[in-house]
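Asker: sequence and predicted structure are below.
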Amino acid sequence: MFTQQVLSGLASGFIYALLALGFAAVYKSMRLINFAQGELFMAGAFIGLLLARNLKLAFVPVLLLTGLLLFLFGMLFERFILAPASSRSPEVHGMIRTVGLSVVLQGVALLAWGTDEYRFPQLLSSGSFSVHSISIPLNLLFIGGTSLALLAALVIFLRYTHVGLCMRAASQNRLGAKVVGINVKFVRSLAFGLSASLAGIAGVLIAPLWYVQYSMGTMMGMKGFTAAVLGSLGSFPGAVMGGLILGVVENLTAGYVSSVWKDAGVFAILIGVLALRPQGLFGRRYNERV
Amino acid sequence: MRDNFKSICAGIFVILLTFGACNNRSANGPMQIGMLAPLTGNGASFGQSQRDGVQLALDEINAKGGINGRTVELLVEDTKTEPPVAVTAANKLISQSKVPVIIGSAASLDVPAYMDLLEKAHVPQIVPVAVLPKITEGNAKWTFRSAMNDKIAASKMAEFVANELHAKKVVLLLEDSAFGGTGLAFGDRLEQLGVKPLTVEKFKRGDLDMSAQLIKIKGVGATHIQFWGYYADYAQVAKQMKDLGVQAQLMGNQAPVTDKTIELGGSAIEGAIDICLFVPTSDDPRVKTFTDKFKAKYGHLPDTWAAQSYDGMYILAEALRQGGSDSQKIRDALAATKDFDGITGTITFGSNGDAEFRGTSIVMVQQGKFVPYKSKSK
C-alpha cells in the first residue's frame, strides 16, 4: 500500500511540478509571482476540451496546440499588460495585474461555461497494469513521461540555446544583460509565455483524469505555489522536487493519518520548512540583492 | 434645485408605478405561487429537474382550467446553490411578491438557511427534492417535505446491502460535510445488522484526487464501497477506482441519481448501485405516461428529482384547491395530506413534516441508464 500511495502521489506531484515550474520561471526572470497560474491551468483544460471535443483532435496535438496558444497569450499579456507596469515598483504592479488576470479568466469561464462540470474525452486508454500486486495506472506513466520530457526540454533550452542563455543572463543581472545587448523585454515576455504554456499543458494532462470546471484552478494554483516555495522559489529543480514531495506527502497523509487532513498536512509541512529553511528545501542561502 | 425637484418627482412616479404593478392582483386573476430553485451553482442539475417537473405539472393543471377557476402562475427565484442567496430570494418572494406558498429549494443546504423566515412569516412550503435530515428535525410547522429524508435512505440502503447483497466487507466514503455526514447513519444501521464497516474515509467536495482514500480502501480488502455525497465526486470515484484497479462494488446515496453522473463517469460508472424514489425505466403504466409526457416536452427522460417535483406540485395543487390563497389554510391542507397517490409513491405527511416512508427503489447503472436493480442470482 505504501508503494501504491507513493506512486499515486507522484502523478499529482508531476502536475504540481509543472505549475511550480511556471511560478519559478516567472519569478526568476521578473521577480514577481504570477497569481494567475491556477486560472491559466483551468484555461488550458477548457481550451483542450474545445480542441478535443469540437475539433476532434488527438491527444498529442491537443496538448501541443494548447501549449502554443497559451504561450502566445502569455507573451501578449506580458507585452501589453505587464510590461507597461514596469516603471515604478514593477513587481507589485505586475503582481496585482496577474491577480486581475486570474479574476478575468475565471469570470470568462463562468460566463462561457457556467458552473457545470464537463467530461473531457478519454483520448488515452485508462486502466492499469500490475507489477508485484502494485497496480500502475497508465495515465501516471503518461503524465510523468510528458512532465519529464518537458523538464528536459526546458533544461536544454536554458543551457544550450542562445535565447535560453539570454534568459538566464537577464534573470541574473538585468542591467548587465541590457548592456551586452540582450533584449530584456523580449526575454521577459518569453518567460511569462513559457509559464502560461506550462500551466496550460498541466491542465490538459490532468483533464481526462478529472473533469473540467471553471473553479478547478484555484486550489491547483495554491498547490503549485506551495510546491515552488517548498523547493525554493526560482529554482527549476527545486520546483520539480517541491511538486513531487507535495504530491507524495498529500497521499501519505491521507493514507496513514486521515483523509480529512490531506490538505492540512501539506500546508503544515510548508510552514515547517519555511520556519527551518526560509530559502526552501533546495535553495542556496544567499542574500537578496538590494 | 429645479433639477433635484424633477428627479424627486420622477423617483416618486417610478415608486408609485412599481406599487401599482404589485397591487393589481385581483381575486379573479392568476394565482401566484413562489418557487426557490438552485438553477445555477453546483446544485444546478437538481434545480433544473425541479423546475421542469413542477412546470410540467403546472401546465397540465392550467390546461384543465387551473385551480378553483384561476390559473396558477409560478414565480421562480434562483438560489444559485448559495444559502445566503436563498435567504434573499425567499425574502423577496414573501415580502415583495407576497406569495401565499413556496415550493422549496432542491439544494439541501439552502432550506435550513431560509426556513425560519417562513416560520415567522407564516408561509408554508413544500420541499420536493432536498433530502437533508436537518430540515425536518427542528419542529418546523410550515415546512412539508415530500422528498425522502436522507436518513431513511441511509437506513434502507444499509438493509439492502446487508440482506440482499450479503456484503461483509463494507467501507464508507463520505463527503466531509453535514450532507455527507448522513452516511454515518448508513454505517450505524449496517452495524445493527451485524456488519461493521471496515473504515470511514472522507473527502472534500470537488477534490478531484481521491486516489489516497481509494488505495487505503483497496488495502483493507473492501468488497463494497458506500459513497455519500454529490454526483460529480461520485463519478470521479468511479473513474479513479478503474484507474487504480479497485474491484469493489460502488454504491451511492440519492444525490448521484442524475444523468450528469453518467455523463461524467462514462463507462467507469457502469454497475454502480444507488437508492431513489423513482425509476424512469420502470414498467409501471403511470410512470410510462409521465415519462412520455416529460420526454415530449423536454427531449430527455426525467430523473427522480423531476418526478418528485411533479408529484410535489400536485400535492400543492390539492392544498390550493382547499385553501385558496390563504397561507394558513394551505398549510393545514398540506398537513392533512393523506395517501396522496403520486408517481413516486403514496405520500402522507407525518407530524414533523416529513413524508412517511413509502418504499424505495434500488437502481443500477446499466448501459448508461439507471434501471431497477435485479439480483444477479435471479
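Answerer: Nice, thanks for sending it over.

Asker: let's verify residue B:51: helix, strand, or coil?
Answerer: Under the three-state scheme (DSSP: H, G, I helix; E, B strand; the rest coil), residue B:51 adopts helix.

Asker: next structured bit after the worst-scoring helix or strand of chain B on mean pLDDT?
Answerer: Taking mean pLDDT, DSSP states H and E as the measure, the helices and strands of chain B show their lowest mean at helix B:2-23, namely a mean of 58. Sequence-wise, the next helix or strand downstream of helix B:2-23 (DSSP states H and E) is strand B:31-37.

Asker: the residue in the stretch 201-350 of chain B that chain A sits nearest to: which element?
Answerer: Closest to chain A within the stretch 201-350 of chain B is residue B:212: 3.4 Å, counting by C-beta to the nearest C-beta. C-beta here means a position set from N, CA and C on the backbone, and glycine is covered the same way. Secondary structure from DSSP H and E places residue B:212 in helix B:211-219.

Asker: now do that helix: which elements does it pack against?
Answerer: When contacts are defined as 3 or more C-beta pairs under 8 Å, 6 or more residues apart in numbering or on different chains; DSSP states H and E, helix B:211-219 packs onto helix A:2-30, helix A:236-252, strand B:170-175, strand B:200-203, helix B:231-244.

Asker: tell me which of the ones you listed lies nearest to residue B:80.
Answerer: Closest to residue B:80 of these, according to C-beta to C-beta: helix B:231-244, at 16.9 Å.

Asker: got the contact list for the helix or strand just after the closest one?
Answerer: Scanning forward in sequence from helix B:231-244 by DSSP H and E, the next helix or strand is strand B:249-251. If you take C-beta atoms under 8 Å, 6 or more residues apart in numbering or on different chains as the criterion, strand B:249-251 is touched by B:157, B:161, B:165, B:167, B:223-227, B:234, B:237-238, B:241, B:269, B:271-274.

Asker: please repeat the previous calculation with a cut-off of 6 Å.
Answerer: In this structure, residues lying in contact with strand B:249-251 by C-beta atoms under 6 Å, 6 or more residues apart in numbering or on different chains are B:224-226, B:238, B:272-273.

Asker: which one of those residues is nearest residue A:106?
Answerer: residue B:238 (27.7 Å).

Asker: one step back: verify the stated contact: the residue of the stretch 201-350 of chain B closest to chain A with residue A:254.
Answerer: Yes: counting by C-beta atoms under 6 Å, residue B:212 does reach residue A:254; the two are 3.4 Å apart.

Asker: returning to that earlier point: okay, the helices and strands packed on helix B:211-219 in TSV with mean neighbour count and mean pLDDT next?
Answerer: Converted to TSV, the helices and strands packed on helix B:211-219 look like this (neighbours: other C-beta atoms under 10 Å in any protein chain shown; pLDDT from 0 to 100):
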stretch	mean neighbour count	mean pLDDT
helix A:2-30	26	89
helix A:236-252	24	91
strand B:170-175	25	95
strand B:200-203	22	92
helix B:231-244	25	91
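
Asker: dump the ones you listed into JSON lines; add distance to residue B:302 as well.
Answerer: JSON lines is the format used below for the helices and strands packed on helix B:211-219 (distance: least, C-beta to C-beta, whole Å):
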{"stretch": "helix A:2-30", "distance to residue B:302": "38"}
{"stretch": "helix A:236-252", "distance to residue B:302": "40"}
{"stretch": "strand B:170-175", "distance to residue B:302": "25"}
{"stretch": "strand B:200-203", "distance to residue B:302": "29"}
{"stretch": "helix B:231-244", "distance to residue B:302": "16"}
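
Asker: what's the closest of those to residue B:72?
Answerer: helix B:231-244 (31.2 Å).

Asker: using CSV, write down the CA coordinates of that closest one.
Answerer: What follows is helix B:231-244, C-alpha atoms only, in CSV (Å, rounded to 0.1, in the frame of the first residue of the first chain):
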residue,chain,number,x,y,z
TYR,B,231,-22.7,13.3,-8.3
ALA,B,232,-19.5,14.8,-9.6
ASP,B,233,-17.4,13.3,-6.9
TYR,B,234,-19.3,10.0,-7.3
ALA,B,235,-18.4,9.9,-10.9
GLN,B,236,-14.8,10.8,-10.0
VAL,B,237,-14.6,7.9,-7.5
ALA,B,238,-15.8,5.5,-10.2
LYS,B,239,-13.2,6.7,-12.7
GLN,B,240,-10.3,6.5,-10.2
MET,B,241,-11.4,3.1,-9.0
LYS,B,242,-11.0,1.9,-12.6
ASP,B,243,-7.6,3.6,-12.9
LEU,B,244,-6.3,2.1,-9.6
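
Asker: and it, what does it pack onto?
Answerer: helix B:211-219, helix B:259-265 (3 or more C-beta pairs under 6 Å, 6 or more residues apart in numbering or on different chains; DSSP states H and E).

Asker: rewinding a little: okay, and which of the contacts of strand B:249-251 map to helices?
Answerer: residue B:238 (DSSP state H).

Asker: quick check, nearest of the contacts of strand B:249-251 to residue A:210?
Answerer: Set against residue A:210, the nearest of the contacts of strand B:249-251 by C-beta to C-beta is residue B:238 (12.7 Å).

Asker: can you tell me, leaving aside adjacent residues, what's nearest to residue A:116?
Answerer: residue B:44 (6.7 Å; C-beta to C-beta, 6 or more residues apart in numbering or on different chains).

Asker: how much space between the one you found and residue B:81?
Answerer: 7 Å (C-beta to C-beta, to the nearest Å).

Asker: for the two, indicate the residue with more neighbours.
Answerer: Ranked by neighbour count (other C-beta atoms under 10 Å in any protein chain shown), residue B:44 and residue B:81 place residue B:81 first, with 24 against 21.

Asker: what's the closest non-adjacent residue to that one?
Answerer: Among residues not flanking residue B:81 along the chain, residue B:41 sits closest, at 2.9 Å (C-beta to C-beta, 6+ apart).

Asker: my read is the one you found is in a helix, agree?
Answerer: No: judged by three-state DSSP, residue B:41 forms no part of a helix; its state is coil.

Asker: quick check: it touching residue B:83?
Answerer: No: at 10.6 Å, residue B:41 does not count as touching residue B:83 under the criterion of C-beta under 6 Å.

Asker: mind listing the residues bridging to the closest residue to chain B within the stretch 51-200 of chain A?
Answerer: At 3.8 Å from chain B, residue A:135 is the closest residue in the stretch 51-200 of chain A, using C-beta to the nearest C-beta. Applying DSSP bridges to residue A:135 gives these bridge partners: residue A:130.

Asker: which residues are in contact with residue A:42?
Answerer: Taking C-beta under 6 Å, 6+ apart as the criterion, residue A:42 is in contact with A:216-217.

Asker: let's see 7 Å
Answerer: Contacts for residue A:42 were tallied using C-beta atoms under 7 Å, 6 or more residues apart in numbering or on different chains; they are A:105, A:109, A:203, A:214, A:216-217.
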